[in-house]
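Asker: pasted the sequence and its predicted model underneath.
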2 protein chains.
Amino acid sequence: MSRMLDIAILGLLMDRDHHGYEIRSQLRERLGVSANVSFGSIYPALARLERHGSVEAVAPTESRFGALSTGSLSGERASLRALRATSGIGRRGRKVYRITDRGRQEFAELLADPTTMDDGKNFTMRMALAKYLTPTLRVALLERRRTDLVSRLAEVRAGAANTELDSYARSVMEHAAQAVELDLAWIDSLLTTERSNHNNFAQDAK
Amino acid sequence: MSRMLDIAILGLLMDRDHHGYEIRSQLRERLGVSANVSFGSIYPALARLERHGSVEAVAPTESRFGALSTGSLSGERASLRALRATSGIGRRGRKVYRITDRGRQEFAELLADPTTMDDGKNFTMRMALAKYLTPTLRVALLERRRTDLVSRLAEVRAGAANTELDSYARSVMEHAAQAVELDLAWIDSLLTTERSNHNNFAQDAK
DNA sequence: GTTCGATATATCGAATTGATATGATGAGTC
DNA sequence: GACTCATCATATCAATTCGATATATCGAAC
């Protein structure tokens, strides 16, 4: 598989530690994913990454659950909680993960790998993590995306011009064309920025 | 599951017969799906629908493969082909499907069912098939989508204003905001059209 | 004539989904 | 203080979808 979720999780953990529930909201709020990624994807992915040694669970120090900070709980409840925390049976509460050195290395390789195809969602995730790419790889990523968008634009424009379609289907294709045009303008502005940065650097180096 | 692929396939077959390979391109060209749907989804979905009695395979009359139209083939090759066609072993070529009455009924129910959530891709498919919905259901679909987009817009605008994000992640969120704004404008124009049609109809009915 | 890209079905393991179960916490409210 | 209720949080399941791969035909180009 393309392992885009692995890249996204590792990318989020590059910044700071996270627990599973939080990763879902971060995907939306920081990586621009518009659909909710299922917990049925996230928890198995974290388990997979932990087995692989790319992430490790850390003690939930600032957890709201396992903290046992003040003596506000009854003795009975506290001991029950301690038992659960120790035994691991029925344990609930945050499980915070940290990226390992191995995870950091794996992240760099996965993010840079151009063979994992980039549909819209994947490209968005990658671009939101682009600060971890070299300028060259960033430009390559943008140009690959640009090529895809140009051919998709031709396709949706043909659809919008297809008189066999009813007005709803045609409206969908017209809107798709506008959306692709917006995407293309964005890519082009990013490419311009990359190239001007590159020129600045070249000038500085002189 | 949400069975969006089933809806899409049945919707395409409402218009005319299709074979599996063709359905993939039609999803892009007529229903506005921007990613290629895997054949590993399409062929099992067709088999499922056939088992369920919603579609049926028709003789590949105009197939390029099984046609046997002119005598341009050598006797040996023709007999080999006939053998394959009869035995079903190693048979290749188009397998064209037609929607059944049962399929038509199922399609109407699935398309109208509001419990199947509408992320971007699903909404696009449904909207491209909106001519099969009643005006009331069309407006309900558009309003549900509008609600989702409004809350998503707030989320991405917050992301774009988040100074903790690096310039790439922030650019992603800014572009996401623009994309949602474009989507919203589209939805609103469709709603306006629906309502003016409704008014026209009400006037006509007077 | 033979190589190559497009057409076409099929199948597999792995990943993802949507639903559901279970429980903790915090904020009201009576 | 006891009560509801929304939110937080992990976990698991069958069904679905993906990405890769295998196989084979056709048309065109060389």
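Answerer: Received, thanks.
Asker: remind me, longest helix of chain A?
Answerer: helix A:167-205 (DSSP state H).
Asker: quick one, what contacts A:Val55?
Answerer: Residues counted as contacts of A:Val55 (Cβ atoms under 8 Å, 6 or more residues apart in numbering or on different chains) are A:9-10, A:13, A:46, A:49, A:97-100, A:103. Using the backbone N, CA and C atoms, a C-beta is placed for each residue, glycine as well.
Asker: beta partners of it?
Answerer: Counting by DSSP bridges, A:Val55 is bridged to A:Ile99.
Asker: and it, what's its pLDDT?
Answerer: pLDDT for A:Val55: 97.
Asker: pLDDT score for A:Arg138?
Answerer: At A:Arg138, the model reports a pLDDT of 95.
Asker: that one is in what secondary structure piece?
Answerer: Element membership of A:Arg138 [criterion: DSSP states H and E] is helix A:135-161.
Asker: list the helices and strands that helix packs on?
Answerer: helix A:120-128, helix A:167-205, helix B:20-29 (3 or more Cβ pairs under 8 Å, 6 or more residues apart in numbering or on different chains; DSSP states H and E).
Asker: okay, buried residues for it please.
Answerer: Within helix A:135-161, the residues that count as buried by 16 or more other Cβ atoms under 10 Å in any protein chain shown are A:137-139, A:141-142, A:145, A:148-149, A:152-153, A:155-157, A:159-160.
Asker: just to revisit the earlier point, tell me the most buried of the helices and strands packed on helix A:135-161?
Answerer: Highest mean neighbour count of those: helix A:120-128, a mean of 23 (counted as mean count of other Cβ atoms under 10 Å in any protein chain shown).
Asker: tilt between that one and helix B:120-128?
Answerer: 140 degrees (axes from the mean of the first three to the mean of the last three Cα atoms, to 10 degrees).
Asker: tell me if helix A:120-128 is near DNA strand C.
Answerer: No - using Cβ under 7 Å from any atom of the strand, helix A:120-128 stays clear of DNA strand C, with a minimum separation of 8.5 Å.
Asker: could the C-alpha coordinates of whatever helix or strand A:Gly11 lives in be exported in CSV?
Answerer: According to DSSP H and E, A:Gly11 maps onto helix A:4-15. C-alpha atoms of helix A:4-15 as CSV (Å, rounded to 0.1, in the frame of the first residue of the first chain):
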residue,chain,number,x,y,z
MET,A,4,0.1,7.6,3.4
LEU,A,5,-1.4,7.3,6.9
ASP,A,6,2.0,6.2,8.2
ILE,A,7,3.6,9.2,6.7
ALA,A,8,1.0,11.5,8.1
ILE,A,9,1.3,10.0,11.6
LEU,A,10,5.1,10.1,11.6
GLY,A,11,4.9,13.7,10.3
LEU,A,12,2.7,14.8,13.1
LEU,A,13,4.9,13.1,15.6
MET,A,14,8.0,14.9,14.2
ASP,A,15,6.5,18.0,15.7
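Asker: any residue of that helix touching DNA strand C?
Answerer: Yes - counting by Cβ under 7 Å from any atom of the strand, contacts between helix A:4-15 and DNA strand C involve A:4-5.
Asker: equivalent analysis for stretch A:138-149, please.
Answerer: No - against DNA strand C, stretch A:138-149 shows no contacts by Cβ under 7 Å from any atom of the strand, the least distance being 14.3 Å.
Asker: contacts for that stretch next, please.
Answerer: A:114, A:118, A:123, A:126-127, A:130, A:133, A:180, A:183-184, A:187-188, A:190-191, A:194-195, A:198.
Asker: quick one: low-confidence ranges for chain A?
Answerer: A:1, A:59-92, A:117, A:200-206 (pLDDT under 70).
Asker: could you redo the last one with a cut-off of 80?
Answerer: Where chain A drops to pLDDT under 80, the residues are A:1-2, A:59-93, A:114-118, A:197-206.
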